[in-house]
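A.B. asks: structure, please.
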Amino acid sequence: MTNPIADPGHGHSPAAWTAVVIMLVGVAAGTVAFCFEQPALVVASVSLIPIGAIVGWVLAKAGYGVKGPKYAPKAH
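C.D. replies: Presented below is the predicted three-dimensional model:
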């Protein structure tokens, strides 16, 4: 008999996707700026990482997280 593991649902919400996209843009832009030796752009890009985390947290509190009332799960 198999016991299926329940999916906790983390990471499949607009809040999570928005946070991750913002942080990925920050990392990618920071990497490019580092390669072109632009320290001011590196610092500006790296500052997007905590901003992305804050935006994700705010969206989750606004109801767009996995357990939020504005979240509509999609069928797999």
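
A.B. asks: secondary structure element holding Leu24?
C.D. replies: In this structure, Leu24 sits in helix 14-35 according to DSSP states H and E.

A.B. asks: how distant is that helix from the center of its chain?
C.D. replies: Per CA atoms, centre = their mean, to the nearest Å, the displacement of helix 14-35 from the mean C-alpha position of its chain is 9 Å.

A.B. asks: how about Pro14, nearest residue that isn't a chain neighbour?
C.D. replies: Tyr64 (4.5 Å; CB to CB, 6 or more residues apart in numbering). C-betas here are computed from N, CA, C, even on glycine.

A.B. asks: and the one you found, what's its pLDDT?
C.D. replies: For Tyr64, the pLDDT comes out at 93.

A.B. asks: residues in contact with whichever helix or strand Val55 is part of?
C.D. replies: Using DSSP H and E, Val55 sits in helix 48-59. If you take CB atoms under 8 Å, 6 or more residues apart in numbering as the criterion, helix 48-59 is touched by 14-16, 18-23, 25-27, 29-30, 65.
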